[in-house]
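In: could you look at this predicted model? Sequence included:
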Amino acid sequence: MQRISTSKHQHLVDALLQLESLLNSDFKQDLDLHVASELRAELETLFISYNQQVMALSELIGDYHELFNKTKIQFLSPKLKALKRKAEQDARVFPLLAQNIRLVYGT
């Protein structure tokens, strides 16, 4: 999936506007003028919607990264360190804890 190029979008809209102007003033082709106008309006509507979705996705990604870091750094790391201190005394739990620590710090 590729992003929508703002410059390509604007060039196409400008070309449609120029075509509309030509059709309106010189050629009086009402049907083509109507089609060009509808296509331009639809392109603009979709482009606005696209930009809104990109902004929403950007916020969602930021929120996720913030929660990810909070979970890893403020919650999981201290808990694993505390468990590691306790587990060093209990040989049965230590291998599982060591595996969990490698998993967390590998992310």
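Out: On my side now, so go ahead.
In: do you know how far Asp14 is from Ser25?
Out: 17 Å (C-beta to C-beta, to the nearest Å). Where C-beta positions appear, they are placed from N, C-alpha and C, glycine not excepted.
In: the bottom helix or strand of this protein by mean pLDDT?
Out: For the chain, using mean pLDDT, DSSP states H and E, the weakest element among its helices and strands is helix 94-105, scoring a mean of 75.
In: picking up where we left off before, which residue of Asp14 and Ser25 possesses the greater neighbour count?
Out: Asp14 (11 against 8; other C-beta atoms under 10 Å).
In: neighbours of Asn51, how many?
Out: The number of residues packed around Asn51, counting by other C-beta under 10 Å, is 13.
In: please begin residue numbering at 44 from this point
Out: Noted, 44 is the first residue going forward, which turns the last one into Asn94.
In: secondary structure element for it?
Out: Taking DSSP states H and E as the definition, Asn94 sits inside helix 73-112.
In: so where's this protein uncertain?
Out: Within the chain, the stretches falling below the threshold (pLDDT under 70) are 70-71, 130-134, 136, 150.
In: repeat that for 50
Out: Low-confidence regions of the chain, defined here as pLDDT under 50, do not occur.
In: what's the spacing between the spatially most central residue of it and Tyr107?
Out: The residue at the geometric middle of the chain, judged as the C-alpha nearest the mean C-alpha position with C-alpha atoms, centre = their mean, is Leu100 (3.8 Å). For Leu100, the distance to Tyr107 equals 10 Å [C-beta to C-beta].
In: what's the answer for Asp57, then?
Out: Taking C-beta to C-beta as the measure, Asp57 falls 37 Å from Tyr107.
In: same deal with Gln45?
Out: Here the criterion is C-beta to C-beta. By it, Gln45 lies 23 Å from Tyr107.
In: how about Thr114?
Out: Note on Thr114: its distance to Tyr107, by C-beta to C-beta, is 10 Å.
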